[in-house]
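Asker: The following block contains a protein sequence and its predicted model.
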Amino acid sequence: MSNQDGDGVFNRRGSNESGVLSDSKIDAARKFLYESEDESFDSVGGESLPQKRNNAKSSSSSSSSPFHTKSVGGRNNYPRTNLSGVEPSKPGKNGSGSGSGRSANTMMYHLQTKQIRGKKILAAIGMVICAIGAIVFLSNHHHHQEHKTKVSNSNSNNNSNNNSNNNSNSAVVPSTDPPKTTHLKGNRFQKFQEAIGLAGLTAREDLENEETPQHHALVWISAHDAAKTNPSDPEALQRYALAVLFYATAGTDDLENPSVDSHWVESSSWMSRYGICAWHGVVCEGDDPIGNTANNDDQAMAVVVDEEAATLKLRDHHGLVQMLSLPANELKGPLPSELSALTKLYKLDLSHNGLTGTLPGSFSGLTTLRDFVVGDNALTGTLNEALWNDWSALRALVLSGNKFKGPIPARIEHLVELRVLDLGSNGLTGTVPDLEELVKVRSLDLSDNELNGKFPPSIALLTGLEQLRMGQNHITGTLPEELSKLTRLEIMMLREMNLMGTIPAEIFNKVTRLTELGLSDNAFTGQIPTTIGRLKDLHKFFLGENKFGGTLPRQIGLMADLTILEVQGNRIGGEIPNLISALGGLLHMHLGRNHLTGQIPIEIGYLHRLQTLYVEHNKLTGTVPVELGKLQTLQQARLNNNHFEGDIPDEICDLTTDEDLVYLGADCHKKVNCDCCTKCF
């Protein structure tokens, strides 16, 4: 095919690649023009090259030239080109001139050719500069976009460049994007890894092990977290720490939608684009802790939804975490040490879950902690004494219901701000350390362990005590009379121990706020102090399984709020006091396995709320009072192994017909006639 240069000259296959005539072709053209100087050049006009060829074949002229020039002015009729150097003449009507114009035309032709070459060189240089600029632009663009977006943009740019290059014959710009391998090669991953390492939160081997929750949390926050947290932001480490807790205890390793397969009861906003302060159970500095609670009132549900939405919007930010509260939320797995990143944490409540493993030593760095509540889990190990070194602000330490073993650290005495110390229901051994410095403690629970030694006298110095639970241990000795100083005491549960001796009567003269008193399953002797009549707020009275003698004090009738009365398994004799009728709120009365005599007082018919009556294995006589039939709430009555005679009243049998009284045991094989008893002895 023929090509046309910018000057309008058509070149045949003899032209070079740049479209400019070679010197040999110019000489041939000059020779041709000398021999055909009288012929004229037709205007190119709008005809295509094939049309020109056809016109040339059909022309009567035997030597039409294929060369045509185009003036800068854009005219269609051009004077005959003259390459001989002869002075040109003025053109005639048909645009032809004499040989005198050949020299000027030749010079003009050379000048135009040089100008064309210069323009093309400049154009080529411009194209190279543009290509270099495109490469620089694409390189910068690559470093400021996310990996997936970069790959997509790069493919799009490359396709666009290829199409453009196919049209312009310019060089192809290579893609600067890395190959699609793994996001772990990304810059964010490395920066997060470095930040976590510098903070000493996680060992490198845990970060590199693809099976660990630490690795999952690292991959999530660096590649999948929609919040796009800056790795250099100190609060990003807190987001990472909470993510580790989630992957360690939620039962999922999903990186893109972690909360979908979570077995947590409540995980709203966790692992989402929202700031950690909006995550369920998380309260940050300056946030309202009440706004994170739920309201179950159906009538106020719409209001609650609006309030929760407003709270979510208000807390959608990253801040310093002060509270992390996820009780009874089905957390199962180890307690991650990474929570030490929550350096401003003052309350941690992960109780009633399925946490395993030991208490991380890194928690000693949580120096702002006030409440550490991880009770009712499956944590193991010993109570590391180093934990208490810097917990001077601690007010509540709740480790009950776990599997801790070993002694109670003596250093616990230095937690002088403690209000609650709960180490119950573990496997702790040794003696109770000196606790006299814990003068602010309100609740002390050391029950259900394997502690031994004498009853600790320092307990009597904790005059602020309101609740004392030390039962189910191997502690021996007697109750010190100094316990009478605990005038604020409301609950004293010392059941299932090896205590002995008599109960000092002075205790109940001053400790009068008791609502629960548990001294059962010990080896107490003597008589039940009559001073118990001063316990007018008492609800639960447990003195069973001891060696008490004497009689049942009439002052029991003064405890008007009593709901549970248990004195079974002692050596108490005498009659049941008729003042017992004053216990209108009594639900359970257990007087079995004693030496009680006389009849059941008819005043028992006034106990309209009584559900259980156990008087078995005594020396009671007479008939079973018909007044028992008035107790419409009675569910169980054990009357066996006594000296009752006669018939069981029909009023009592009617209770069994109505299926309210489900258990009625009596000596119906001896002197008692009972057709309605569920159990005969």
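Answerer: Sure thing, it's come through. Note that this is a predicted model, so its numbers are computed, not measured.
Asker: Now stretch 220-235: buried residues?
Answerer: 220, 221, 222, 223, 225, 227, 229, 231, 235 (16 or more other Cβ atoms under 10 Å). From N, CA and C alone the C-beta is placed, and that goes for glycine too.
Asker: ok, the residue nearest to the first one when sequence neighbours are not counted - how many residues close by?
Answerer: For residue 220, ignoring the flanking residues on the chain, the nearest one in space by Cβ to Cβ, 6 or more residues apart in numbering is residue 255 at 5.3 Å. The burial metric for residue 255, expressed as a neighbour count using other Cβ atoms under 10 Å, is 16.
Asker: mind listing what residue 255 touches?
Answerer: 216, 219, 220, 223, 224 (Cβ atoms under 8 Å, 6 or more residues apart in numbering).
Asker: Name the nearest residue to the first one, sequence neighbours excluded.
Answerer: To tie it back to what came earlier, the one meant is residue 216. The spatially closest residue to residue 216, leaving aside those adjacent along the chain, is residue 247, at 4.4 Å (Cβ to Cβ, 6+ apart).
Asker: doesn't the one you found fall inside a strand?
Answerer: No - counting by DSSP: H, G, I helix; E, B strand; the rest coil, residue 247 is not found in a strand; it is helix.
Asker: measure it to residue 481 for me?
Answerer: Plainly put, residue 247 is 56 Å away from residue 481 if you go by Cβ to Cβ, to the nearest Å.
Asker: The residue nearest to residue 216 contacts residue 219, doesn't it?
Answerer: No - look at residue 247 against residue 219 with Cβ atoms under 8 Å: they stay out of range, at 9.8 Å.
Asker: So between the two, which is more surrounded?
Answerer: Looking at residue 247 and residue 219 with other Cβ under 10 Å, you find the greater number of neighbours at residue 247, namely 27 against 23.
Asker: Residue 429 pairs with what?
Answerer: Counting by DSSP bridges, residue 429 is bridged to residue 407, residue 450.
Asker: Now do it against residue 446, distance only.
Answerer: In this view, residue 429 and residue 446 are 12 Å apart by Cβ to Cβ.
Asker: Have a look at these two and say which one is more surrounded.
Answerer: Remark: of residue 429 and residue 446, residue 446 carries more neighbours, 26 against 15, as counted by other Cβ under 10 Å.
Asker: For residue 374, see how far away the closest residue to that one other than its chain neighbours is.
Answerer: Using Cβ to Cβ, 6+ apart and skipping the chain neighbours, the partner closest in space to residue 446 is residue 470 (5.0 Å). In this view, residue 470 and residue 374 are 21 Å apart by Cβ to Cβ.
Asker: same thing with residue 675?
Answerer: From residue 675 to residue 374 the distance is 57 Å (Cβ to Cβ).
Asker: do the same with residue 593
Answerer: 41 Å.
Asker: Stretch 585-595 - what's its average pLDDT?
Answerer: Stretch 585-595 carries an average pLDDT of 98.
Asker: Quick check: end-to-end length of it?
Answerer: Using Cα to Cα, to the nearest Å, the end-to-end distance of stretch 585-595 comes to 26 Å.
Asker: swap in stretch 504-524?
Answerer: With Cα to Cα as the measure, stretch 504-524 spans 11 Å from end to end.
Asker: repeat for stretch 336-355
Answerer: OK, stretch 336-355 end separation, Cα to Cα: 10 Å.
Asker: Give me the mean pLDDT for that stretch.
Answerer: Mean pLDDT, stretch 336-355: 97.
Asker: And that stretch, what's buried?
Answerer: For stretch 336-355, burial by neighbour count (16+ other Cβ under 10 Å) applies to 336-342, 345-353, 355.
Asker: same deal with stretch 449-461?
Answerer: 449, 451, 455, 456, 459, 460, 461.
Asker: which residues in the protein form helices?
Answerer: 23-35, 49-58, 102-143, 147-168, 187-199, 204-208, 213-219, 234-249, 301-315, 505-510, 650-657 (DSSP state H).
Asker: tell me the mean pLDDT for the second one?
Answerer: The predicted model gives helix 49-58 an average pLDDT of 41.
Asker: tell me the contacts of residue 192?
Answerer: 218, 221, 222, 231, 236, 240.
Asker: One more: residue 238?
Answerer: By Cβ under 8 Å, 6+ apart, the contact list for residue 238 reads 276, 318, 320, 321, 341, 342.
Asker: Taking the contacts of residue 255, tell me the two that lie furthest apart.
Answerer: 216 and 223 (11.0 Å; Cβ to Cβ).
Asker: what about the closest residue in space to residue 629 that isn't next to it in sequence, how many residues close to it?
Answerer: Once flanking residues are discounted, residue 629 sits nearest to residue 651: 2.5 Å by Cβ to Cβ, 6+ apart. Using other Cβ under 10 Å, residue 651 has 14 other residues around it.
Asker: What ranges in the protein fall below the confidence cut-off?
Answerer: Counting by pLDDT under 70, the chain shows low-confidence ranges at 1-126, 128, 130-186, 288-318.
Asker: The residue lying closest to residue 627 once chain neighbours are set aside and residue 419, how far apart?
Answerer: Take residue 627 and drop its neighbours on the chain: the residue closest to it by Cβ to Cβ, 6+ apart is residue 605, 3.0 Å away. Distance, residue 605 to residue 419, by Cβ to Cβ: 46 Å.
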